[in-house]
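*Asks:* I would like to see how this sequence folds:
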Amino acid sequence: MTSKSLSPVSAVTVSIRKGKARHGETNTYQLNGSTLRDILVDGRWVTVVVSPEGKAAQSN
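*Replies:* Predicted coordinates:
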């Protein structure tokens with residue numbers, strides 16, 4: 001009798017999009033019907049707001 005061992009499964013989802021170059025410290029854009037807002041933190045872009053379809057992102 002052979003035994004089958006279970007191994008963990010992992011996946012990484014990567015979003016690749018062609019878009020405008022980011023300028024300044026904030027960037028707002030549409031992706032798959034949602035509005036996303038990124039900010040520049042220590043040289044890296046971080047998404048801080050995701051608005052579902054039909055709702056606009058509010059800026060401060």
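
*Asks:* C-alpha only now, for contacts and for neighbours.
*Replies:* Will do.

*Asks:* three-state assignment of the residue positioned nearest the centre of the chain?
*Replies:* Nearest to the mean C-alpha position of the chain, counting by CA atoms, centre = their mean, stands residue 47 at 6.1 Å. Secondary structure for residue 47, judged by DSSP: H, G, I helix; E, B strand; the rest coil, is strand.

*Asks:* I'd say it and residue 41 touch.
*Replies:* No: look at residue 47 against residue 41 with CA atoms under 8 Å: they stay out of range, at 10.1 Å.

*Asks:* Show the low-confidence segments of the chain, by residue range.
*Replies:* 1-4, 13, 15-19, 53-60 (pLDDT under 70).

*Asks:* what about the strands in it?
*Replies:* For the chain, the strands defined by DSSP state E occupy 26-31, 34-41, 44-51.

*Asks:* Residues contacting the last one, please?
*Replies:* I take that to be strand 44-51. Residues from elsewhere that reach strand 44-51, judged by CA atoms under 8 Å, 6 or more residues apart in numbering: 34-40, 57.

*Asks:* I'd like to know which of those residues are buried.
*Replies:* Among those, those that count as buried by neighbour count (16 or more other CA atoms under 10 Å) are 35-39, 57.

*Asks:* I'd like those written out as JSON lines, with distance to residue 11 added.
*Replies:* JSON lines is the format used below for these (distance: CA to CA, whole Å):
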{"residue": "35", "distance to residue 11": "24"}
{"residue": "36", "distance to residue 11": "23"}
{"residue": "37", "distance to residue 11": "25"}
{"residue": "38", "distance to residue 11": "24"}
{"residue": "39", "distance to residue 11": "26"}
{"residue": "57", "distance to residue 11": "29"}
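
*Asks:* beta partners of the spatially closest residue to residue 52 that is not a sequence neighbour?
*Replies:* In space, and not counting its chain neighbours, residue 52 is closest to residue 34: 4.9 Å by CA to CA, 6 or more residues apart in numbering. Beta bridges link residue 34 to residue 31 when assigned by DSSP bridges.
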